[in-house]
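Peer 1: Predicted coordinates and the sequence they were generated for:
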Amino acid sequence: MKMKLLPKLAFGALLLGCLVGWSARADVNSTWATNCAACHGKDGKGATMMGRKLGIKDMTDATVQGSFTDAQATAAIHDGVTDNGTQKMKAFGGKLSDDDIKALVAHVRSLK
């Protein structure tokens, strides 16, 4: 009887893992749509009115992706980005959790 329970527990754990992964992916998509897409675009290409105005780089481009580290992306999201004293991206450190920011960095990496 105990041997029959083990596959059920394993299946339950696998299913729970899939649901948690799906939920986390849904959360990052929502976070991106709410906080990033207006400038970076839903697809990360930066081909929005604000993206063009700010000169946002195409995050789907491998060369662009290679131009910054995960730590730099994390700092940019957390602290914002300024260029010659002009704010190019507002800081989200006070609005998003460290886990949200980490998920956004992973999302940006998935765009390439």
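Peer 2: Received, thanks. Numbers count the residues shown, from 1 in each chain.

Peer 1: Now for the nearest residue to residue 112 once chain neighbours are set aside: which residues touch it?
Peer 2: Sequence neighbours aside, residue 65 is the residue nearest to residue 112 in space, at 4.6 Å (criterion: CB to CB, 6 or more residues apart in numbering). (Each C-beta comes from the backbone N, C-alpha and C, glycine too.) Residues near residue 65 by CB atoms under 8 Å, 6 or more residues apart in numbering: 59, 108-109, 111-112.

Peer 1: quick one: residue 109 and residue 93, what's the gap?
Peer 2: Counting by CB to CB, to the nearest Å, the gap from residue 109 to residue 93 is 20 Å.

Peer 1: The two: which has the busier surroundings?
Peer 2: Per other CB atoms under 10 Å, whichever of residue 109 and residue 93 has more neighbours is residue 93, with 15 against 12.

Peer 1: so what's that one closest to, chain neighbours aside?
Peer 2: residue 78 (3.9 Å).

Peer 1: name the element that neighbour belongs to?
Peer 2: Using DSSP states H and E, residue 78 falls within helix 70-79.

Peer 1: Alright, calling it a day.
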